[in-house]
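J.: pasting the sequence and the predicted model now:
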Amino acid sequence: MTVPASFKTAGWALWFMALGAAAVFCVQRQWVFLSALLVLLAVAGMAALFRLQQKLEQRVVHVLESIADHDLLTSYVPSGHSRIERRMAELVGTFVGQLRAAQARQAADHQYYEALLDTVDALLLVWDDEGGIRWMNKVAVRKLRGFRLHHLKELGVLNPAFPDFLQHLRPGIIQSIRLRQGQGTVELAATLTRYQTSGRQLHLCCLRNVYPLLEQKEAESWQKLVSVLTHEMMNSLAPVLSLSDTLCDRMEGRKDEDPRLWQGLCTIRRRSQGLLQFIENYRTLTRLPHPVRVPVRLYELLSDLQKLYPQCTMDTQMADRMVEIDRGQMEQVLINLLKNAVEATQGMPAPCVRLQSMMVEGERLQWRVEDNGPGILPEVVDKIFVPFFTTKASGCGIGLSLCKQIVANHHGTITVRSAPGKGAAFIVELPLVRG
């Protein structure tokens, strides 16, 4: 059985009292040797008790320091059979266990929220007052530099003004900035939130690409405009065409009587029919069906395109890849782009049209249709995807508009890069590539 701590304390007190009484008795009897011996025993006992207390304090301090240093594998092992030490060991074990459970819950919550934020398509950055980047989600790592950054200054490669732009953001105010991305540029809208954690102020910035949203709104506006225009034009054109057909039929046998009238009626009918066909072409922009995605092997798609355009070079490095697309619609996009490229190189001494397939950012399929034609004028580049706009004498301005809408329905993007005299490159990027 263990001796209670109160008994041990009383035992030590009686021991020192007995030594004191014996020393006094020896002094009265003038037993100098025994008196000195008893005094030495008392001093030795006090020294032993002091060392024991010091060791206990050191062990307690060591355990507390380990806990303060987040060493949750520490434990308190009693040095003897003291009831107080055993109770202390139990309390330390319970406390450390609670800290371990809290730390595990915190780690699990951190992993959950980090995984949740990594699924967001926006770029998220957290930095401190000194500009040190504390955290980035995976989209920010991939889109900005391709690796994890440590300071805002490292973003100056994308735009020299970018670090200062971020540090001067204010909460509640949306600002935009244009950055270099690959061989092109992207415009990002930035919002800022400030919060306190562990006594430090941190800045959370959300960067979103505004181009897809603007494209979507633009496409919706064009669809509404085209729908209204074609509806009104069809209502006005239908009776004109019907009357011109009727009048032409009645004048068929008497066209020699008034040749000028006959030619006028034929012109009205012909132009009405041409205008009707023109309107029907644009109605396809408002009636384009939603894409039906199916797995398609790139080799099969490229092989069919090679048969249609044998003079073009097809890059088949990714021929074994499987992608989920609406084959008919995307095939029409590539046919339109190849057709335009072939027409652009007509008359060139060494015409060259090339279709490349590649992966970008690990999860996006990119097609590049390049030619060595005369290129596109700067004032025309921004208009080529606009409905009704064309630079061809016989064009109706629907091909590239239709391509843009098909690609947008696949949640992708289509862009053009060109300079006069240096050819043109149309770039189609599609997400959700499976290989």
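T.: Alright, I've got the coordinates.

J.: mind listing the strands for the stretch 251-400 of the chain?
T.: 294-297, 313-314, 322-325, 353-360, 364-371 (DSSP state E, counting those that start in this stretch).

J.: could you pull out the buried residues of the first one?
T.: Counting neighbours by 16 or more other CB atoms under 10 Å, one finds that the buried residues in strand 294-297 are residue 296. In this view, the C-beta of every residue, glycine as well, is placed from N, C-alpha and C.

J.: ok, back up a step: quick one: closest of the strands of the stretch 251-400 of the chain to residue 98.
T.: strand 364-371 (47.0 Å; CB to CB).

J.: angle of that closest one against strand 353-360?
T.: 160 degrees (axes from the mean of the first three to the mean of the last three CA atoms, to 10 degrees).

J.: could I get the CA-only coordinates of strand 364-371 as CSV?
T.: Output in CSV follows, covering the C-alpha atoms of strand 364-371 (Å, rounded to 0.1, in the frame of the first residue of the first chain):
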residue,chain,number,x,y,z
ARG,A,364,-7.3,21.4,-70.8
LEU,A,365,-7.1,20.3,-74.4
GLN,A,366,-5.8,22.9,-76.8
TRP,A,367,-6.2,23.0,-80.6
ARG,A,368,-4.1,25.5,-82.6
VAL,A,369,-4.9,26.1,-86.3
GLU,A,370,-2.0,28.1,-87.7
ASP,A,371,-1.3,29.4,-91.2
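
J.: please list the outside residues in contact with it.
T.: Strand 364-371 has contacts (CB atoms under 8 Å, 6 or more residues apart in numbering) with 318, 321, 323, 334, 337-338, 341-342, 344-345, 351-360, 423-431, 433.

J.: pull out the buried residues from that strand.
T.: Quick answer for strand 364-371 (16+ other CB under 10 Å): 365, 366, 367, 368, 369, 370, 371.

J.: one more: stretch 320-330?
T.: Here stretch 320-330 shows 321, 323, 324, 325, 326, 327, 329, 330 as buried, counting by 16+ other CB under 10 Å.

J.: what mean pLDDT does that stretch have?
T.: Mean pLDDT, stretch 320-330: 85.

J.: which residues sit against it?
T.: Against stretch 320-330 from outside (CB under 8 Å, 6+ apart): 291-299, 301, 357, 365, 406, 409-410, 430, 432-435.

J.: which of the residues you listed fall in helices?
T.: 298, 299, 301, 406, 409 (DSSP state H).

J.: so what sits opposite residue 177 in the bridge?
T.: Counting by DSSP bridges, residue 177 forms beta bridges with residue 188.

J.: now do residue 206
T.: With DSSP bridges as the rule, residue 206 is bridged to residue 124, residue 191.

J.: report the contact partners of it.
T.: Per CB under 8 Å, 6+ apart, neighbours of residue 206: 122, 123, 124, 190, 191, 192, 193.

J.: tabulate the residues you listed (TSV), appending distance to residue 87.
T.: Below are these laid out as TSV (distance: CB to CB, whole Å):
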residue	distance to residue 87
122	54
123	54
124	49
190	57
191	55
192	52
193	48
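
J.: and the two most separated of those residues?
T.: Maximum distance among those (CB to CB): 14.0 Å, for 123 and 193.

J.: who's more crowded, the two?
T.: residue 123 (21 against 13; other CB atoms under 10 Å).

J.: tell me how far the more buried one lies from residue 139.
T.: 6 Å (CB to CB, to the nearest Å).

J.: next one: residue 259
T.: 71 Å.

J.: equivalent analysis for residue 117, please.
T.: 9 Å.

J.: ok, now residue 118?
T.: Distance from residue 118 to residue 139, by CB to CB: 7 Å.

J.: for residue 87, same thing?
T.: From residue 87 to residue 139 the distance is 53 Å (CB to CB).

J.: the most centrally placed residue in the chain: which element?
T.: Centroid-nearest residue in the chain: residue 139, 2.8 Å away (criterion: CA atoms, centre = their mean). Here residue 139, judged by DSSP states H and E, is contained in helix 138-144.

J.: quick check: buried residues in the helix or strand that that helix is followed by?
T.: Along the chain past helix 138-144, the next helix or strand (assigned with DSSP H and E) turns out to be helix 162-167. For helix 162-167, a neighbour-count test (16+ other CB under 10 Å) marks 162, 163, 165, 166 as buried.

J.: what of stretch 349-358?
T.: Neighbour count says stretch 349-358 has 351, 353, 354, 355, 356, 357 buried, by 16+ other CB under 10 Å.

J.: start to end distance for that stretch?
T.: 29 Å (CA to CA, to the nearest Å).

J.: likewise stretch 152-165?
T.: Rule used - CA to CA; the end-to-end distance of stretch 152-165 is 10 Å.
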